[in-house]
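> here's my sequence, what's the structure:
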Amino acid sequence: QVQLVESGGGLVQAGGSLRLSCVASGRFFSIVTMAWYRQAPGKQRTLVATISTANSTNYADSVKGRFTVSRDNNKNTVYLDMNILKPEDTAVYYCQGNFHITNSYTLPRSYWGQGTQVTVSS
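Purely as a prediction, here's the structure:
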């Protein structure tokens, strides 16, 4: 019903920048919160940033001041602007969203994208 497709990953040198995008498509009533997670090799998936319907944002301490999450509700898209990238930011980045499928009275459902690789070289 809902598909999330990330793009924008790649290889960048330390200190560089990347912009990740995540587009939601399919049949749904509305998008509630959206978030970015990441998973480094051999590690658990961790939360990077969240953004609410009212554009309230939260960030992991490790990315505060360097990453910015934003959303364009007209395009059903969430972005992650990553600046001053560090080798420890290397991971697969996943988009996650909570969606009302039929109306706003039912519990939201969670969907995930397939991930996009970000590699930061030193």
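> going by C-alpha atoms from here, please, whenever you check contacts or count neighbours.
Will do.
> show me the shaky parts of the protein.
Along the chain, the model assigns pLDDT under 70 to no residue.
> now the residue nearest the centre of it: closest residue in space, sequence neighbours ignored.
The residue lying closest to the centre of the chain (Cα atoms, centre = their mean) is W36, at 2.7 Å. Excluding the flanking residues, the one nearest W36 by Cα to Cα, 6 or more residues apart in numbering is C95, at 4.7 Å.
> how close does the residue nearest to the centre of the chain sit to E88?
According to Cα to Cα, to the nearest Å, W36 and E88 sit 16 Å apart.
> now do G115
For G115 relative to E88 (Cα to Cα), the value is 17 Å.
> higher neighbour count, those two?
Between G115 and E88, G115 has the larger neighbour count (other Cα atoms under 10 Å), namely 22 against 13.
> OK, contacts around that one?
By Cα atoms under 8 Å, 6 or more residues apart in numbering, the contact list for G115 reads V5, E6, V92, Y93, Y94, C95.
> distance to I101 and neighbour count added to the residues you listed, as JSON lines?
Shown next, in JSON lines, are those (distance: Cα to Cα, whole Å; neighbours: other Cα atoms under 10 Å):
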{"residue": "V5", "distance to I101": "18", "neighbour count": "18"}
{"residue": "E6", "distance to I101": "20", "neighbour count": "24"}
{"residue": "V92", "distance to I101": "27", "neighbour count": "18"}
{"residue": "Y93", "distance to I101": "24", "neighbour count": "27"}
{"residue": "Y94", "distance to I101": "21", "neighbour count": "26"}
{"residue": "C95", "distance to I101": "18", "neighbour count": "30"}
